[in-house]
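>>> my questions concern the predicted model and sequence given below.
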Protein chains: 2
Amino acid sequence: MKMRLRLCGCITMSAVSLLLSGSSLPADDSHKEPRIKLVVHGGAGTITREKMTPDMEQQYRAKLAEALQEGYKVLKSGGSSMDAIEAAIRVMEDSPLFNAGKGAVFTSAGTNELDASVMDGASLKAGAAAALRRVKNPISLARLVMDKSRHVMMAGEGAEEFARRQGMKPVSRKYFFTEHRWRQLQEARKKEMQRSANRLALNETYLGTVGAVALDQEGRLAAGTSTGGMTNKRPGRVGDSPVIGAGTYADNRTCAVSATGEGEYIIRLGVARDISALMEYQGKSVNEAADMVVMEKLARLGGTGGVIAMDRNGNHAWPFNTSGMYRGFIDADGKIVIKIYKD
Amino acid sequence: MKMRLRLCGCITMSAVSLLLSGSSLPADDSHKEPRIKLVVHGGAGTITREKMTPDMEQQYRAKLAEALQEGYKVLKSGGSSMDAIEAAIRVMEDSPLFNAGKGAVFTSAGTNELDASVMDGASLKAGAAAALRRVKNPISLARLVMDKSRHVMMAGEGAEEFARRQGMKPVSRKYFFTEHRWRQLQEARKKEMQRSANRLALNETYLGTVGAVALDQEGRLAAGTSTGGMTNKRPGRVGDSPVIGAGTYADNRTCAVSATGEGEYIIRLGVARDISALMEYQGKSVNEAADMVVMEKLARLGGTGGVIAMDRNGNHAWPFNTSGMYRGFIDADGKIVIKIYKD
């Protein structure tokens, strides 16, 4: 048996998965050697060439590339997909460009409340942290909840207290102040007063959630998502990002998913879990499943957003029903592809 | 078309659902007239005849019957399934018998933190509230989040502030003090100190979550769940009960589900959403789907618990992989059945 494991580890792993799941997953391409790969997103929403300056576009591209390279280093050296997504997401959290960590949007009370979650596709272990006000890197707290607590999800002061006990130094609330997010809040408030908030404006209020999915040398999938939520949200609002099954899901037998968009709709559909279910129960490819959920089911319900999703063979999909989504991947050879618009 | 709607409302509704879903649900019994029905649970866990006194058993049976009757009144008079589950759950929240509302367990800090959620199967609208300390009826706050906010999920102080603005009067924290829950905390602390906490003990720490699923005269399904979480949980811990897709899910095309048990496992599997997915994507009956998820998938992952689930024709299932689950239903004729043990 040990010999067999060495000779054809993938097939055996896959057979064990089938045995464990009791479902009839297609075994079409499970003989392929897992190749490392990392996919990231920096949010879906109203992103058009007209509104983008060349300088801004260059900044986004550079930061997405940096995130991909940080995660790639982990994967290349034999690290886990979980370590890779955490490394990639921390880069985006530390940048003011994205609505996560440093660049988090403001609530209606002028505060910042951050959410994040991670999931490991091999063990189905997960961790999530919500409504954080003083945690610099929510993705790392989600990871700690998974690794160091008996729990899957923690929120608010209790989550922050857990962070402190785990040695995470709280940052000042001022850390999250950025001029452009503050301006966005004022604009959102004005629109709300004028009752003129339309869907276009709404699209802009949540833009910038970040996420990553990765496949490591041992064929393990992992997913993670981090966000500041939506501009002008009521304090205490929890979006889809820290909700396992909505914003984040990973299962080695199917796929790893990170979603971005109108969290309320993503929770109601259970977007990430639904993509996995379509692969598990109907044998859909990751492309078909992600497309069905984002382009058909989410759109039909009236929700906007997108996902990045990757199967255990490194096939990825990144459908979005908005005008753009910051996204990119790095493959086993270190080749980077970054896209922003539909094309 | 209007005539057709009148003549065969159910078939037309079902056809619209199929159109909306794009999936191939079996239409086998969708011609049946929806008949009102309400199913409730008061938690799954280690419940054995040896540990139960006749007096206690009588108390549980009486309170479950009262909850069923309250919900039945709503359904019988033409009210919505959402109103019915709220009414039924409030009865259980107001009783010290269950780990929800009044009878909520204590956190490791000696506080009480309550979670709840609701979902409407017709619109897929949902509401959830988590980590509440001063809300008497968390199920009603979850309902308000659904009906009166732009959000699906709210947690902690922000959720309580929203409750106050909606006119819910906060209760004193002392309201949640019950002698037997306080004793349970001391026992859990002792066991944790002795590092002797075993699974049997763990089963006892979360026992008593309440939930309800209902079908109204218009064929609408609704589900709701309310809990105090698990004894000795870290403050800020959020379990499955307020997580849409984990503890609660409802979709008229498939089923309404409320789960109870080890929340961490229920979140990782997305238990309620998974039962719905098996019906949607594999055409399983509510019985088959609920059994597969609770008795096979949840058990295989190492999680204990149970669910109540009902399809749009009023067929219900209530599998649990523990020794008992407080549960009961009331059918269209007002007949009540209440069960506690396996038999």
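Yep, that arrived. Residues are numbered from 1 along each chain as shown, chains lettered A, B, ... in the order given.
>>> quick check: residue A:259 touching residue A:307?
Yes - counting by CB atoms under 8 Å, residue A:307 is a contact partner of residue A:259 at 4.6 Å. In this view, the C-beta of every residue, glycine as well, is placed from N, C-alpha and C.
>>> anything in contact with each of these two?
With contacts taken as CB atoms under 8 Å, 6 or more residues apart in numbering or on different chains, the residues that reach both residue A:259 and residue A:307 are A:271, A:272.
>>> now do the contacts for whatever residue of the stretch 51-200 of chain A ends up closest to chain B.
Taking CB to the nearest CB as the measure, the stretch 51-200 of chain A has residue A:158 as its residue closest to chain B, at 1.7 Å. Residues counted as contacts of residue A:158 (CB under 8 Å, 6+ apart) are B:107, B:113, B:131, B:234, B:235, B:236, B:237.
>>> so residue A:247 touches residue A:229, yeah?
No - under the criterion of CB under 8 Å, residue A:247 lies out of contact with residue A:229, with a separation of 11.0 Å.
>>> so between those two, which is more surrounded?
Higher neighbour count among residue A:247 and residue A:229: residue A:247, with 34 against 30, using other CB atoms under 10 Å in any protein chain shown.
>>> tell me where the model's unsure across chain A.
Along chain A, segments meeting pLDDT under 70 span A:1-34, A:195-206.
>>> so where do the helices sit in it?
Taking DSSP state H as the test, the helices found in chain A are A:2-7, A:9-21, A:54-76, A:81-93, A:138-148, A:156-165, A:179-193, A:199-206, A:263-269, A:271-282, A:286-291, A:299-301.
>>> what does the stretch 51-200 of chain A put close to chain B?
Taking CB under 8 Å from any CB of the partner chain as the test, the list of the stretch 51-200 of chain A residues beside chain B reads A:107, A:113, A:119, A:124-126, A:128, A:130-131, A:149-162.
>>> check those residues for burial and list the buried ones.
Listed as buried from these are A:107, A:113, A:119, A:124-126, A:128, A:130-131, A:149, A:151-160, A:162; burial here means 16 or more other CB atoms under 10 Å in any protein chain shown.
>>> ok, and the closest non-adjacent residue to residue A:232?
residue A:188 (3.9 Å; CB to CB, 6 or more residues apart in numbering or on different chains).
>>> my read: the one you found touches residue A:231, true?
Yes - in terms of CB under 8 Å, residue A:188 counts as a neighbour of residue A:231; the distance is 4.7 Å.
>>> re earlier: so can I have TSV of the contacts of residue A:158 showing distance to chain A?
Shown next, in TSV, are the contacts of residue A:158 (distance: CB to the nearest CB, whole Å):
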residue	distance to chain A
B:107	8
B:113	8
B:131	5
B:234	6
B:235	4
B:236	2
B:237	5
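>>> which of those residues sit farthest apart?
When these are compared pair by pair using CB to CB, the farthest-apart members prove to be B:131 and B:234, with a separation of 11.0 Å.
>>> contacting residues around the residue of the stretch 201-343 of chain A found nearest chain B?
Residue nearest to chain B within the stretch 201-343 of chain A (CB to the nearest CB): residue A:236, separated by 1.6 Å. Applying CB under 8 Å, 6+ apart to residue A:236 gives the contacts A:113, A:131, A:156, B:154, B:155, B:156, B:157, B:158, B:159, B:160, B:161, B:162.
>>> repeat that for residue A:245.
Contact analysis of residue A:245 by CB under 8 Å, 6+ apart lists A:270, A:272, A:273, B:243, B:245, B:246, B:267, B:270, B:273.
>>> let me know the closest of those to residue B:36.
Minimum separation from residue B:36 among the contacts of residue A:245 (CB to CB) is found for residue B:273, which lies at 24.9 Å.
>>> excluding chain neighbours, give the residue nearest to the closest one in space.
Closest residue in space to residue B:273, ignoring its immediate chain neighbours: residue B:245 at 3.7 Å, by CB to CB, 6+ apart.
>>> gap between the one you found and residue B:256?
13 Å (CB to CB, to the nearest Å).
>>> please apply the same query to residue A:70.
Counting by CB to CB, the separation of residue A:70 from residue B:256 is 44 Å.
>>> fine by me, thanks again.
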